[in-house]
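*Asks:* Predicted model and sequence below, questions to follow.
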Amino acid sequence: MGNGVVVGTPSKVANVVFDCENPQAQAEFWAGVLGYPRPAWPDELVAGLRGKGATQQDLDSRSVAVDPGSEGPRLYFQKVPEGKVVKNRVHLDVASVPGEAASPEEVDAEKDRIVSLGATVLRKTDARQDLFGEYYYVMLDPEGNEFCVT
């Protein structure tokens, strides 16, 4: 970079996330558009979430469409209560460690690297706070567009 900042390994796109009213319908539409299969939640994931108190409504609040060739990012659809007004309806999730689940320390390090490039942290969600057990940062790019670091 021209500003003298030392940059590590570049990040990879993990998910393209769509905020929407009906995650299942959106996933089916985009899977059809892109030729992706429409996967069901794995039984072991459903059992684990049910064990944490997840309802069918919780499960229906999220859906995915996955590139069968594993070349494109996964499309992830999540139900939101509000319609499009100002907030991004689509944002990127950036994988701290492409191809594997990152530890909180790896997520923190990637967040720090991206902050050094000009992003700001909007908020952090700890796995203990999240029904789905996720640890991530919601960040803003230099123009204020939201994305997540996972």
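*Replies:* Right, received. Where do you want to start? Numbers count the residues shown, from 1 in each chain.

*Asks:* Please export the C-alpha coordinates of the strand or helix carrying residue 92 as PDB.
*Replies:* Residue 92 belongs to strand 90-95 when elements are defined using DSSP states H and E. Presented in PDB, the C-alpha positions along strand 90-95 are these (Å, rounded to 0.1, in the frame of the first residue of the first chain):
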ATOM      1  CA  VAL A  90     -26.400  -6.900   1.500                       C
ATOM      2  CA  HIS A  91     -23.100  -6.900   3.200                       C
ATOM      3  CA  LEU A  92     -19.900  -9.000   3.100                       C
ATOM      4  CA  ASP A  93     -18.600 -11.400   5.800                       C
ATOM      5  CA  VAL A  94     -14.800 -11.600   5.600                       C
ATOM      6  CA  ALA A  95     -13.200 -14.800   6.800                       C
END
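
*Asks:* That strand pairs with which strands?
*Replies:* Partners of strand 90-95 in the sheet, by DSSP bridges, are strand 12-20 (antiparallel), strand 146-149 (parallel).

*Asks:* ok, the nearest residue to residue 35 once chain neighbours are set aside - contacts?
*Replies:* Computed as Cβ to Cβ, 6 or more residues apart in numbering, the closest residue to residue 35 that is not its neighbour in sequence is residue 68, at 7.6 Å. (C-beta placed from N, C-alpha, C; glycine too.) Residue 68 makes contact with 35-37, according to Cβ atoms under 8 Å, 6 or more residues apart in numbering.

*Asks:* quick one: which of these is nearest to residue 114?
*Replies:* Among the contacts of residue 68, residue 36 lies closest to residue 114 (Cβ to Cβ), at 27.8 Å.

*Asks:* gap between the closest residue to the closest one other than its chain neighbours and residue 82?
*Replies:* Residue nearest to residue 36 in three dimensions, not counting chain neighbours: residue 65, with 4.4 Å by Cβ to Cβ, 6+ apart. Note on residue 65: its distance to residue 82, by Cβ to Cβ, to the nearest Å, is 23 Å.

*Asks:* I appreciate the help and will end here.
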